[in-house]
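Chemist: Here's a sequence, model it:
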Amino acid sequence: MYKIIKNMMRRIKKSTTNFVTCKSGKLSYLYVCIIFFFVYGNYFLIGSFYNNILNNKQELTQSSSTKYALSSKHANFINVHLHKIETDKKEEEVIITLSNIKEDITIKNETIESKSKPVEKQLEKPPKILVLVLACNRPSVGRCLDKIFKYKPQDIEMPVVVSQDCGGEEQTASVIKSYGEKLTHIIQPDTSEIHVKPQDHRFIGYYKIARHYKWALKTSFSRWPDVDSVLIVEDDLDIAPDFFDYFLATRPLLDKDNSIFCISAWNDIGKKDIIDPSAVDLLYRTDFFPGLGWLLTRNIWNEIQPKFPQSFWDDWIREPENRKGRACIRPEISRSKTFGRVGVSKGQFFDQHLQYITLNNKPYPFRDYDLSHLLKEKYDEDFLDTVYGTREHSINDVGKQLNVESIRVTYNSKDELDMLARKFGLLADRKAGVPRTAYKGILSFYKANKRIYLAPRKGFNDYY
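Modeler: From the prediction side, this is the model:
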């Protein structure tokens, strides 16, 4: 028996064609099988069994130590041909030739993954992203930094800079410095008093934040001239395991589509009971600037820097003259979540809303997927066709046992939208006329196991 196997292996090594063979145990008879796994959304198992050798039948026991996975790009090019069967009394050899392969086959000794790559992506030069953590006087910044260094990819250069305000408050500075050479610690030098009108003094914290933002972004882009983007993380943010994969995958969209203004990890209406927990891959365009873990490019910074505001910088970005009709990308399930109850907002917004946002805990390999469907030309047509191709229902139908996966609820005015939003548990406010998460006036969320679209009448043109 050993002689038979040895002869088989010698023949395989000498052949110029790729062969795949399976092991057999110390049996009286030889059985050979071929297992191929083809990936286009599913794996197919094709076994070739040579039975009834020497008038006996016995099933082959496959070695459990090795599984063979074939790259999906070869699925259309592999033809399996029975090459040769030689019979010599006590010996039976089956050699399967894999022919007509246009590209090399990679055979991996590994367990087959549950999900395959749907596209063969070309190697692209990775974007040069700097991670900017904005800190002040929260020693809990260590919680944020721990997650950053836990999830930041090791194979891509991505410097981490912590910009500290509050005069470099010592306890927080000590935590930051404890990370040593893993990061760069910079301190915003201007601690002078900001003079505001008496009625605006209660907003002094927002003025300080805007001053820090402007200095930190300006310093990051000037001190690291090879960086093309800055990923902004506040010191009170938790991030999801796929946080960086999400930004690395979506960053190229900003170069391909000048109608995209930013990438954000945040879903303003991402509460547990109004998201689809299985939609880890679902991304949207939104006319509402989300913030809370977001990326902007050097080009966008060069555009907004000369007129950066003295306060309420996020509301300023949302103004029509600054947004200029551009959109941001945001996920169905947030890749960031704030744990900072104490801050300039005095915790009220946190207690009422922020603490209930769901943070994704099921990593999704965004970089393995083609995200070109988010480009405006394709997205707008597909999204609007989907929404307005969905049957219209009343709000009273939402809880009914309807045999549908999605419904559309129409609103005819801003007041009606506010009423519907409150009934569904959404935030009913708007900034610069834009409801949170809206795109083309449409809000998408998940309730009672249905996708729900709150949509204006078809032909909506403007928020303002």
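
Chemist: right, and the secondary structure at R211 would be what?
Modeler: helix (DSSP: H, G, I helix; E, B strand; the rest coil).

Chemist: okay, now it: neighbour count?
Modeler: Number of residues near R211 (other C-beta atoms under 10 Å) recorded here: 20. To be clear about C-beta, it is placed using only N, CA and C from the backbone, and glycine gets the same treatment.

Chemist: residues in contact with it?
Modeler: By C-beta atoms under 8 Å, 6 or more residues apart in numbering, the residues touching R211 are 188, 190, 194, 310.

Chemist: and it, how far is that from E319?
Modeler: 19 Å (C-beta to C-beta, to the nearest Å).

Chemist: Can you work out which other helices and strands pack against the helix or strand harbouring V162?
Modeler: Assigned by DSSP states H and E, V162 belongs to strand 160-164. Applying 3 or more C-beta pairs under 8 Å, 6 or more residues apart in numbering; DSSP states H and E, one finds that strand 160-164 contacts strand 129-135, helix 141-151, helix 170-177, strand 184-187, helix 204-223.

Chemist: helices and strands around the first one, which ones?
Modeler: So that's strand 129-135. Other helices and strands packing on strand 129-135, by 3+ C-beta pairs under 8 Å, 6+ apart, are helix 141-151, strand 160-164, helix 204-223, strand 229-234.

Chemist: quick check: domain ranges of the chain?
Modeler: 2-109, 129-369, 375-464 (automatic domain parsing).

Chemist: now the helices: where do they sit in the protein?
Modeler: In the chain, the helices defined using DSSP state H lie at 2-14, 141-151, 170-177, 204-223, 243-250, 253-256, 298-304, 313-317, 320-323, 348-352, 376-388, 414-424.

Chemist: Run through the neighbouring helices and strands of the fifth one.
Modeler: Taking 3+ C-beta pairs under 8 Å, 6+ apart as the contact definition, the neighbouring helices and strands of helix 243-250 are strand 260-264.

Chemist: Adjacent strands (with direction) for the strand it packs on?
Modeler: If you go by DSSP bridges, strand 260-264 pairs up with strand 294-297 (antiparallel), strand 327-331 (parallel).

Chemist: what's the offset of the last one from the middle of its chain?
Modeler: Spelled out, that is strand 327-331. Centre-to-centre, strand 327-331 and its host chain are 11 Å apart (C-alpha atoms, centre = their mean, to the nearest Å).

Chemist: contact partners of it?
Modeler: 246, 250, 253, 259-267, 282-290, 294, 360, 374, 376, 437, 439.

Chemist: could you redo the last one with a cut-off of 7 Å?
Modeler: Residues from elsewhere that reach strand 327-331, judged by C-beta atoms under 7 Å, 6 or more residues apart in numbering: 246, 250, 253, 259-267, 282-287, 289-290, 374, 437, 439.

Chemist: Could you report the separation of the closest residue to C262 other than its chain neighbours from F445?
Modeler: Spatial nearest neighbour of C262, chain neighbours left out: C328 (4.5 Å); criterion: C-beta to C-beta, 6 or more residues apart in numbering. According to C-beta to C-beta, C328 and F445 sit 17 Å apart.

Chemist: For stretch 160-176, what does the pLDDT average out to?
Modeler: The average pLDDT within stretch 160-176 is 97.
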